[in-house]
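Undergrad: would you be able to build a 3D model of this:
(one chain, ligands or ions: 2)
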Amino acid sequence: MERNYRKLWWQHWLAIVCFSVVPLLFVNISLYLLFDRIYTEKVTETLRNSAENRRDAIDLFFNERIAQLYTVANTNTFEQLTDETYLTRVFEIMHAKSNTYMDIGIIDSEGRHLSYVGPFYELLKQVNYKNEPWFNAVRANGIFISDIFMGYRKVPHFIIAVMVRDKSSSWILRVTINLKNIDDIVQKAWIGKLSDAFVVNSENALQTKPRFGGDYLETPTFPEFVSDSFKAHSYPDFSSIATTRVERIDYDGVDAFFAAVRVHNTKWVLVIKESPDEILSPLLKGKYWMVFFTGLGLTIIGTGAALFTNTLINRIKETDRENATNSDMLLQANKMIALSKMAAGIAHEVNNPLAAIAEKAGWMKDLLAEEDIAASPNFSEFNESVDKIEQHVARARKIIHNLLGFARRMEPAKEKINIHNLLEETTGFLENEARYVNIRFVKEYGDNVPVITSDLSQIQQVVLNLLNNAIDAIGHDGTITVSTCYHQKTDEIEIDLADTGPGIPESELNKIFDPFFTTKEVGKGTGLGLSISYSIIEKLGGKIRVQSKVGEGTVFTILLPKH
Ligand SMILES: Nc1ncnc2c1ncn2[C@@H]1O[C@H](COP(=O)(O)OP(=O)(O)OP(=O)(O)O)[C@@H](O)[C@H]1O
Ligand SMILES: [Mg+2]
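TA: Numbers count the residues shown, from 1 in each chain. Ligands and ions are numbered 1, 2, ... in the order given. This next block holds a predicted model:
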């Protein structure tokens, strides 16, 4: 039985939990996924904007330089600019505005370096650029922005050159750009602690100095900071991208967001890298909170379901117990009906022969006294036998009398009874007997027990039966506690008779109300006391119950309606 309740408990608990946890998880997970999608989209968008913004800044820088170079070329004549003192002045004016330019040179259509102002004068003055790739490019396109290269000076630099056409000839104005300029623009994209940004050319060679790992013209690498001996990974090669690209890439085991955009006017690609841990940290926090709240929700649901299930199962248990008691009572009542029918029959049949036997035994006794048989050697044996016959007849009569207790369907009397007086009187009957075997009566009467309407002598019989049983059970040395109380809710009075006897084993508890069930030795108990008591209380509209613990004692409880 107990196992079934446990199973029921688990089934019920699981049902509640499933029905509430599934929607909870569903809602939480969908919310999280939605949040994740929106947030990632937003991050991607921000990254795209930031990359395009930096790209536009670079474009602007180049456009401004080119415009400035054209201005210089068109506001001064070729003759003026090939004069190095004049060119120095022009360069100083250009240089004063910004630190952009490192040197300036004028080259004719044959590639000759006609004039030069800058730190590499000795090295470059005599150089002919005719076979340099950039020289041909500028002649072909009119404008040329180079990648970073070493050139004659053997240091990384890049140049902007514009071709100017006069009436008769064409010449080239060339400047070297301070690398720091582009670096500064790109570095503005280093926002987070782990973000990086740099520019590569079409050969995937670095055109700006990245924040982590790599130098000009090298292949970009990024160090993995997790281990002490850091490992350098190459970045994915973005050199060939055509349009803006923003994506999360798991590259060489390193997970990162990348935005790559092509810089106009050049074959450069600007790359911005962001660490997902950093850029998605609000999302991560959101995830922790969600896990926390889901956990909290689950705990609350789990405990709530457990508490609720406990209450429910306890109620079911109680109902089951009540049902069991009720069916026990029904069984007992049926037994009683069957018994009372049988008892009536037996009593009727056996009473007459018993009367005859008793009469004849009495007659024999009288005769034995009268006759001279007293002198007979067997006189005492005759006498004893007749006595025994009389004893057994008396006993049989008692049984019959008790049996008739069932059979008699007397209407119970309706009289006002003060239950405490009744108990005092009844215990009074047994006081001497009890004192003799050192059994004490303890009374604990309730204050507000009302007068009830019932059958006094029948209740007295029941109490007497129970007290006799208790005395028999204790044997000697013990206590019988008689207590009463009133249940306002059910309008019943309760009488408890508790003894300190040996108690009744569990296996016998449901038999003690059966007629003829006795543990007393043959001839001592009829086993009818409790069953009669039971039927009396039942007839009076009350209930009788027993609780017992082996080694501690037994409590009989009688509940009687007030009316
Ligand atoms: N207070 C008690 N403590 C322990 N056992 C009890 C107690 N009351 C009843 N019993 C058990 O219940 C049995 C049935 O009791 P019941 O009063 O019906 O018959 P009895 O006492 O044996 O016989 P009778 O009542 O005719 O003397 C007893 O034999 C005894 O085993
Ligand atoms: Mg008895």
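Undergrad: hey, let's count contacts and neighbours off CA atoms from now on
TA: Fine.
Undergrad: just for the stretch 201-350 of the chain, where's the confidence low?
TA: For the stretch 201-350 of the chain, the stretches with pLDDT under 70 are 223-231, 336, 340.
Undergrad: how's this protein carved up into domains?
TA: The chain breaks down by automatic domain parsing into domains covering 2-61+189-279, 76-180, 337-407, 415-561.
Undergrad: where among those is the average confidence lowest?
TA: Lowest mean pLDDT within those: domain 337-407, at a mean of 78.
Undergrad: element containing residue 486?
TA: Assigned by DSSP states H and E, residue 486 falls within strand 478-487.
Undergrad: so the helix or strand following that strand versus strand 478-487, what angle?
TA: In the C-terminal direction, the helix or strand that comes right after strand 478-487 (DSSP H and E) is strand 492-499. Per axes from the mean of the first three to the mean of the last three C-alpha atoms, to 10 degrees, the angle that strand 492-499 makes with strand 478-487 is 170 degrees.
Undergrad: what sits up against the helix or strand that comes right after strand 492-499?
TA: Downstream of strand 492-499, the next assigned helix or strand under DSSP H and E is helix 506-509. Here helix 506-509 makes contact (C-alpha atoms under 8 Å, 6 or more residues apart in numbering) with residue 546.
Undergrad: residue 318 is nearest to which of the domains of the chain?
TA: Of all those, domain 2-61+189-279 sits nearest to residue 318, with 11.7 Å by C-alpha to C-alpha.
Undergrad: now the closest one, how far from the chain's geometric center?
TA: 33 Å (C-alpha atoms, centre = their mean, to the nearest Å).
Undergrad: convert stretch 457-473 to CSV, retaining C-alpha atoms only.
TA: Coordinates of the C-alpha atoms in stretch 457-473 are reproduced here as CSV (Å, rounded to 0.1, in the frame of the first residue of the first chain):
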residue,chain,number,x,y,z
SER,A,457,-27.5,0.7,31.4
GLN,A,458,-26.2,-0.3,28.0
ILE,A,459,-23.4,2.2,28.1
GLN,A,460,-22.6,1.0,31.6
GLN,A,461,-22.4,-2.6,30.3
VAL,A,462,-19.9,-1.5,27.6
VAL,A,463,-17.7,0.4,30.0
LEU,A,464,-17.8,-2.5,32.4
ASN,A,465,-16.7,-4.9,29.6
LEU,A,466,-13.9,-2.7,28.6
LEU,A,467,-12.7,-2.1,32.2
ASN,A,468,-12.9,-5.9,32.9
ASN,A,469,-10.8,-6.5,29.8
ALA,A,470,-8.3,-3.9,30.9
ILE,A,471,-8.0,-5.4,34.4
ASP,A,472,-7.6,-8.9,32.9
ALA,A,473,-5.0,-7.6,30.5
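Undergrad: do it and ligand 1 meet?
TA: Yes - residues of stretch 457-473 contacting ligand 1 under C-alpha under 6 Å from any ligand atom: 469-470, 473.
Undergrad: before we move on, the earlier item: ok now the strand holding residue 486, how far from the chain's centre?
TA: 48 Å.
Undergrad: what residues sit buried inside that strand?
TA: 478-486 (16 or more other C-alpha atoms under 10 Å).
Undergrad: so the nearest residue to residue 444 once chain neighbours are set aside bridges to which residues?
TA: Of all residues not flanking residue 444 in the chain, residue 483 sits nearest, at 4.4 Å (C-alpha to C-alpha, 6 or more residues apart in numbering). Bridge pairing for residue 483 (DSSP bridges) gives the partners residue 444, residue 496.
Undergrad: isn't residue 162 up against residue 146?
TA: No - in this structure, residue 162 is not within contact of residue 146 by C-alpha atoms under 8 Å, at 11.5 Å.
Undergrad: extract the CA atoms of the host helix or strand of residue 535 and return them as PDB.
TA: According to DSSP H and E, residue 535 maps onto helix 529-539. What follows is helix 529-539, C-alpha atoms only, in PDB (Å, rounded to 0.1, in the frame of the first residue of the first chain):
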ATOM      1  CA  GLY A 529     -17.600  -9.000  25.600                       C
ATOM      2  CA  LEU A 530     -16.200  -6.800  22.900                       C
ATOM      3  CA  SER A 531     -18.500  -8.000  20.100                       C
ATOM      4  CA  ILE A 532     -21.500  -7.200  22.400                       C
ATOM      5  CA  SER A 533     -20.000  -3.800  23.300                       C
ATOM      6  CA  TYR A 534     -19.600  -3.100  19.700                       C
ATOM      7  CA  SER A 535     -23.100  -3.900  18.700                       C
ATOM      8  CA  ILE A 536     -24.400  -1.800  21.700                       C
ATOM      9  CA  ILE A 537     -22.400   1.300  20.700                       C
ATOM     10  CA  GLU A 538     -23.400   0.800  17.200                       C
ATOM     11  CA  LYS A 539     -27.100   0.700  18.100                       C
END
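Undergrad: can you give me the buried ones in that helix?
TA: Judged by neighbour count (16+ other C-alpha under 10 Å), helix 529-539 contains these buried residues: 529-538.
Undergrad: tell me the one of those nearest residue 101?
TA: Among the buried residues of helix 529-539, and counting by C-alpha to C-alpha, the member closest to residue 101 is residue 538, at 118.3 Å.
Undergrad: can you give me the helices in the stretch 1-150 of the chain?
TA: Assigned by DSSP state H, counting those that start in this stretch, the stretch 1-150 of the chain shows helices spanning 2-75, 78-82, 84-97, 121-124, 133-141.
Undergrad: where is the longest helix in this structure?
TA: As assigned by DSSP state H, the longest helix anywhere in the chain is helix 281-370.
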